[in-house]
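> With the sequence up front, the predicted model follows.
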Amino acid sequence: MQYVARLTLTTLATCLLLGGVFVARPAFLADLNMDVGALPQLWEWLDRERQREEELEGLQAAIEERSRAKDEVLDKLIEGRLTLFQAADRFRRFSRDFPPFWTALECKHPSLPEEERLYRYIIEYAEVALESEPRKARTVTRRLRAELEETLRGHSPFTLPH
């Protein structure tokens, strides 16, 4: 029993001592970055950060989904199961709500029409994806550039999708 009494008295004395310090010098907690007066603002900040985290996680999931879709289209394009123009139509659909993509294309090819920018981007994307297979990269990019040139000259059955 003496142990419990001593522990209680020691705890009480410590609390009283700390309470006295805080009353005598209220800035003490702030100096330790433990200002309890700032707790409401800290809780608000924490709530905002949690919301931001949720927004960023949603954006990351959307970007990852878009990236998977691009890779799937690219695989089919490389295998010859899609034409450049079919691939462009799919790229356009899943990039429609992603303005940074269109801004980047405009910066890279400012003098070209939007459709041609997209086609050239897809050709470059395929070329980069096939860097480790230079022979295949040449064959595929040659085929894709020929498709684009045919369309630009107006001799293709494909039209530039809008």
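On my side now, so go ahead.

> For residue 63, grab phi and psi.
With angles defined as degrees, to the nearest 10, residue 63 sits at phi -70, psi -40.

> ugh, typo on my part, it should be residue 133
As for residue 133, its main-chain torsions (degrees, to the nearest 10) stand at phi -130, psi 70.

> Also the one 5 residues further on?
The main-chain torsion angles of residue 138 are listed as degrees, to the nearest 10 and equal phi -60, psi -40.

> what residues are up against it?
For residue 138, no contacting residues are found, by Cβ atoms under 8 Å, 6 or more residues apart in numbering. Using the backbone N, CA and C atoms, a C-beta is placed for each residue, glycine as well.

> Show me which helix or strand of the chain is least confident by mean pLDDT.
helix 27-31 (a mean of 65; mean pLDDT, DSSP states H and E).

> any idea how far the nearest residue to residue 125 once chain neighbours are set aside is from residue 6?
Distances taken as Cβ to Cβ, 6 or more residues apart in numbering put residue 74 closest to residue 125, at 6.3 Å, once the chain neighbours are dropped. According to Cβ to Cβ, to the nearest Å, residue 74 and residue 6 sit 74 Å apart.

> Which one's more surrounded, these two?
Taking other Cβ atoms under 10 Å, residue 74 and residue 6 do not tie; residue 74 has more neighbours (20 against 10).
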